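1. Coordinates only, no sequence provided:
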């Protein structure tokens with residue numbers, strides 16, 4: 001009896017295993033040029049970081065080089081003015097705060113293209129509090145993410161809506177280990193893509209869709225700990241590139257209040273199969289590197305080969 005039961009379960013699992021299917025008619029029309037540009041744009045967005053625990057002279061050279069590479073000419077003295085001690089300490093705070101100020105006033109580039117500061121596993125950045133006055137504050141990424149659930153931006157409201165269990169809202173940052181140096185946190189089910197899949201539904205219908213994705217397919221959305229995975233920065237970039245390549249681009253998922261529920265559910269089934277492909281892709285990329293195989297935790301069920 002036990003063997004028969006087990007064989008039945010194996011057959012059931014095999015029957016439920018899905019395979020990748022190509023882009024469907026429910027995506028807006030795409031073309032190779034737009035796709036290639038989207039991939040290239042994503043791959044050039046990578047943001048570097050610098051460990052501020054290194055010797056002060058080396059840190060100053062590293063930050064100065066970053067400014068030079070961004071096009072800053074002339075004299076650069078990051079030790080002046082001296083700053084009050086902050087989350088990075090005294091001298092590192094001075095150097096990084098002045099680096100952020102120089103970046104803001106002399107590079108002509110966006111602040112999010114500058115280097116993160118890393119210290120004891122935390123990442124920090126220059127947050128522009130007053131854009132007119134150019135006032136900067138050095139804040140941790142973790143603190144910023146914790147606050148995001150209360151800011152009311154469209155993305156934050158979408159995360160709140162998609163997170164079925166309210167206690168999961170802060171678990172993204174606190175219940176799981178922070179991304180290791182050089183790694184980044186990734187939403188397996190993208191926030192914007194999920195919002196577009198639910199576009200046109202009333203609040204109850206949107207929540208029913210997210211609940212259905214979990215109960216029927218085991219896909220958690222929003223800031224559930226089961227919707228997060230830490231990835232090396234380059235693999236993170238390539239995962240997004242692969243998603244764009246196969247059509248999982250939120251801009252090309254077009255639903256509205258006139259979309260029949262039957263068609264929406266048909267799309268959901270195809271989306272699940274495409275996400276199977278993406279998860280196998282992540283597993284392939286991660287497991288091909290000896291340096292990251294040791295970081296594949298047993299509980300990362302999304303990384304198990306099918």
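-> Yep, that arrived. Just so it is clear, the model here is predicted, and its values are computed rather than measured.
2. can you pull out the helices in the stretch 1-150 of the chain?
-> For the stretch 1-150 of the chain, the helices defined by DSSP state H, counting those that start in this stretch occupy 2-16, 32-43, 56-69, 91-106, 141-151.
3. which other residues reach stretch 58-70?
-> With contact meaning CB atoms under 8 Å, 6 or more residues apart in numbering, stretch 58-70 is reached by 48, 50, 52, 54, 76, 78-79, 92, 95-96, 99, 102-103, 106-107, 109, 113-115. (Glycine included, C-beta is placed from N, CA and C.)
4. what's the offset of the strand or helix carrying residue 230 from the middle of its chain?
-> Secondary structure from DSSP states H and E places residue 230 in strand 228-232. Distance, stretch centre to chain centre, for strand 228-232: 8 Å (CA atoms, centre = their mean, to the nearest Å).
5. which helices and strands sit right next to that strand?
-> strand 183-187, helix 261-287 (3 or more CB pairs under 8 Å, 6 or more residues apart in numbering; DSSP states H and E).
6. Going by mean pLDDT, which of the ones you listed comes out lowest?
-> Sorting these by mean pLDDT places strand 183-187 lowest, at a mean of 82.
7. Tell me the strands beside that one, with direction?
-> Applying DSSP bridges, strand 183-187 is found paired with strand 228-232 (antiparallel).
8. Now do the contacts for residue 262.
-> No contacts exist for residue 262 under CB under 8 Å, 6+ apart.
9. just the angle between the top strand by length along the chain and helix 91-106, please?
-> Looking across the chain with DSSP state E, the single longest strand is strand 122-130. Angle of strand 122-130 versus helix 91-106, following axes from the mean of the first three to the mean of the last three CA atoms, to 10 degrees, is 40 degrees.
10. just checking, what packs against strand 122-130?
-> Secondary elements touching strand 122-130 (3+ CB pairs under 8 Å, 6+ apart): helix 91-106, strand 116-119, strand 135-140, helix 141-151.
11. ok and that strand relative to strand 135-140, angle-wise?
-> Using the same axes, to 10 degrees, strand 122-130 lies at 160 degrees relative to strand 135-140.
12. Where does the prediction get shaky in this protein?
-> 1-46, 129-134, 145-153, 170-181, 291-306 (pLDDT under 70).
13. Show me how it divides into domains.
-> 17-44+145-303, 49-143 (automatic domain parsing).
14. Tell me how far the shortest one lies from the chain's centre.
-> In terms of CA atoms, centre = their mean, the centre of domain 49-143 is found 23 Å from the chain centre.
15. Endpoint to endpoint, that domain covers what distance?
-> 17 Å (CA to CA, to the nearest Å).
16. do stretch 241-250 as well
-> 13 Å.
17. now the strand holding residue 230 against helix 261-287, angle please.
-> 40 degrees.
18. show me what contacts the residue lying closest to residue 114 once chain neighbours are set aside?
-> Closest residue to residue 114 apart from its sequence neighbours, by CB to CB, 6 or more residues apart in numbering: residue 103 at 4.6 Å. Each residue near residue 103 by CB under 8 Å, 6+ apart is listed here: 66, 67, 70, 109, 111, 114, 126.
19. Most neighbours among those residues, which one is it?
-> residue 114 (25 neighbours; other CB atoms under 10 Å).
20. And that residue, how far from residue 211?
-> 40 Å (CB to CB, to the nearest Å).
21. what sits opposite the spatially most central residue of the chain in the beta ladder?
-> With distances taken as CA atoms, centre = their mean, the residue of the chain nearest its centroid is residue 186 (3.5 Å). With DSSP bridges as the criterion, residue 186 is bridged to residue 229.
22. bridging residues for the spatially closest residue to residue 101 that is not a sequence neighbour?
-> What sits nearest to residue 101 in space, not counting adjacent residues and going by CB to CB, 6+ apart, is residue 136, at 6.0 Å. Listed by DSSP bridges, the beta-bridge partners for residue 136 are residue 128.
23. burial of residue 136, as a residue count?
-> For residue 136, using other CB under 10 Å, the count is 19.
24. Equivalent analysis for the one 5 residues further on, please.
-> Neighbour count for residue 141, taken as other CB under 10 Å: 18.
25. cool, residue 256 as well?
-> 8.
26. what sits against it?
-> 199, 200.
27. buried stuff in stretch 110-124?
-> 114, 115, 116, 117, 118, 119, 123, 124 (16 or more other CB atoms under 10 Å).
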